[in-house]
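Trainee: Predicted model, plus sequence, below.
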Amino acid sequence: MTPVSQLHTEQLEFIAGVAGKLNGFLAVQQDMMATISPDVAPLMGSISSLVTGGKRLRALMCYWGWRGAGGPAGDADILTAGCALELFQAAALIHDDIIDRSDTRRGGPSVHRRFSQLHEANGWALDNERFGHAAAILTGDLCLSFSEESFTEIGPRAAAGSEARRIFNLMRAEVMAGQYLDILEEVAGPVRDRAGSVERATSIIRYKSAKYSTEHPLALGGALAGASKDLLKAYSAFSLPLGEAFQLRDDVLGVFGDPETTGKPAGDDLREGKRTVLVGFAINLAPTDQATYLDEMLGKPNLGEDEVSTIRNIMVECGALDATESLIDELSDKAFAALEQLPLEELPLTALRQLAEAAVSRAA
C-alpha cells in the first residue's frame, strides 16, 4: 500500500469509526430518553441529524495529533475523543444558530427552525418561534452533557488532573467566552472606537473558533497519546494560525460565498450583524460615508440583495477584501512553516498538510 492510499484508508476508517461510535452512543441515550417520554424523541433526532454530516475537521485534527504523538491507529480511546468533539461541535452549532438568528444549517433548517416547524405542523398554542428557541437551547445543552459523558468514557487518560482533561475543559470555556465577545461586539461595536475593530474581531475568532477548531483538538489528541510539552507547543505554533485563517476564510464566504456551495443565503453574516475582521477592515478603510452606511446596514434582518451587493462593492473597492485575503495568506504561511518544523513521521505530517490546505482554500 502506498503512503497516500494508507493515509486515505486510515482516515476513512477513523471517520467510519467515529460515526459508529456516535451512533452507538446516541442509541443508548435514545433508549434512556425514551423511558422519560416519547415526546422527547425530537431532541434526540435533532442531535443525530446534526452529527451525521460535517467535515469532521476537529475529530480529524485530534486523530492526527494522536497519531503524530505515537498513538496507534484504531484505538478505542481516540474514537471516543472524536465522538466527544463532534457532540461538542453540534452543541456549539445549535447555540450559534440561535444567537445568529440563522434559519439554515448545511442546506437545511437549523435546529431551532426544525422545532418551530414542529410547533406549526401540530397547531400548538403560543408562539412557535419562542418554542423553537427554547427547545433548541435545551437540545444544545443536552449535546454538551453528552459530550462530557462521552469524553469521560475514555478513562484515566482523560481523568481529572490529566493534560487531556485540562485541554478539553479550557476548550469549552474559551468557546463560551468567545461567543460572548462576539455578541458583545455586535451591540457595542457601533459605538466603540473604530480603530480597534480589527483587533477585537481577531480576538473573537481566536477564542470563538480558531482554538476549538484546530488548536485544541490537535493538542487533545497529542495529550491523550502522551505527547511532550515541546510537541504540544509545536502543535500550537502550527494549528493556531491555521485556525485563524480557517475562520477568516469562513468570514469571507459568509459575504462573498455561493449559497449553492455554502448552504446559507448570501450575505447572511451581514444580516446577523457579524463584526468580522473583514467588516473591521471595511469600516477602517472605507470613506466615512460608506463606513457609516455599513454600520447602519449591519444586523438588519431584511437586508436585500441590492444592499448586500452595495456592501460587497464597498469591501472590494476600499481594499477590505484584499486585506483579509492577505491576512489569510500571512497566517497560512505561518502555519505551513510551523508544520514543516513538526517532528512527525511522514504519514501524520502529510495528513495535517492536507487538512490545512483544505481548511484555508475551501469554498464552503
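Mentor: Sure, I can see it.

Trainee: contact partners of stretch 232-241?
Mentor: Residues outside stretch 232-241 that contact it (Cβ atoms under 8 Å, 6 or more residues apart in numbering) are 61, 65, 68, 163, 206, 210-211, 214-215, 218-219, 222-223, 227, 331-332, 334-335, 338-339, 341-343, 352, 356. Every C-beta, even on glycine, is put in place using the N, C-alpha and C of the backbone.

Trainee: Would you mind listing the buried residues in the one helix or strand Leu22 maps to?
Mentor: Using DSSP states H and E, Leu22 sits within helix 3-34. Going by neighbour count (16 or more other Cβ atoms under 10 Å), the buried part of helix 3-34 is 7, 10-11, 14-15, 17-19, 21-22, 25-26, 29-30, 33.

Trainee: For Pro109, report the pLDDT, please.
Mentor: pLDDT for Pro109: 92.

Trainee: can you check the one 10 residues further on too?
Mentor: Confidence per residue is given as pLDDT, and for His119 that number is 97.

Trainee: ranges for the helices of the stretch 1-150 of the chain?
Mentor: 3-34, 41-52, 57-68, 76-100, 111-122, 128-152 (DSSP state H, counting those that start in this stretch).

Trainee: And the last one, what does it pack against?
Mentor: Using 3 or more Cβ pairs under 8 Å, 6 or more residues apart in numbering; DSSP states H and E as the contact test, the elements touching helix 128-152 are helix 3-34, helix 41-52, helix 76-100, helix 111-122.

Trainee: what inclination does the helix or strand following that helix have with respect to helix 128-152?
Mentor: Counting by DSSP H and E, the element after helix 128-152 in chain order, helix or strand, is helix 163-188. Counting by axes from the mean of the first three to the mean of the last three Cα atoms, to 10 degrees, helix 163-188 lies at 160 degrees to helix 128-152.

Trainee: Give me the buried positions along helix 163-188.
Mentor: 163-165, 167-168, 171-172, 174-175, 178-179, 181-182, 185-186.

Trainee: for stretch 248-262, same thing?
Mentor: Within stretch 248-262, the residues that count as buried by 16+ other Cβ under 10 Å are Leu248, Arg249, Asp250, Asp251, Val252, Leu253, Gly254, Val255, Phe256, Gly257, Thr262.

Trainee: Using PDB, list the CA coordinates for that stretch.
Mentor: Extracted in PDB, the C-alpha atoms of stretch 248-262 (Å, rounded to 0.1, in the frame of the first residue of the first chain):
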ATOM      1  CA  LEU A 248     -11.200  34.300   8.200                       C
ATOM      2  CA  ARG A 249     -12.000  32.200   5.100                       C
ATOM      3  CA  ASP A 250     -15.400  31.400   6.700                       C
ATOM      4  CA  ASP A 251     -16.000  35.100   7.200                       C
ATOM      5  CA  VAL A 252     -15.200  35.800   3.500                       C
ATOM      6  CA  LEU A 253     -17.600  33.100   2.400                       C
ATOM      7  CA  GLY A 254     -20.300  34.500   4.700                       C
ATOM      8  CA  VAL A 255     -20.300  37.600   2.500                       C
ATOM      9  CA  PHE A 256     -19.000  36.500  -0.900                       C
ATOM     10  CA  GLY A 257     -19.700  32.800  -0.900                       C
ATOM     11  CA  ASP A 258     -22.100  30.900  -3.300                       C
ATOM     12  CA  PRO A 259     -25.200  29.900  -1.400                       C
ATOM     13  CA  GLU A 260     -25.400  26.700  -3.500                       C
ATOM     14  CA  THR A 261     -22.000  25.700  -2.100                       C
ATOM     15  CA  THR A 262     -22.100  27.200   1.400                       C
END
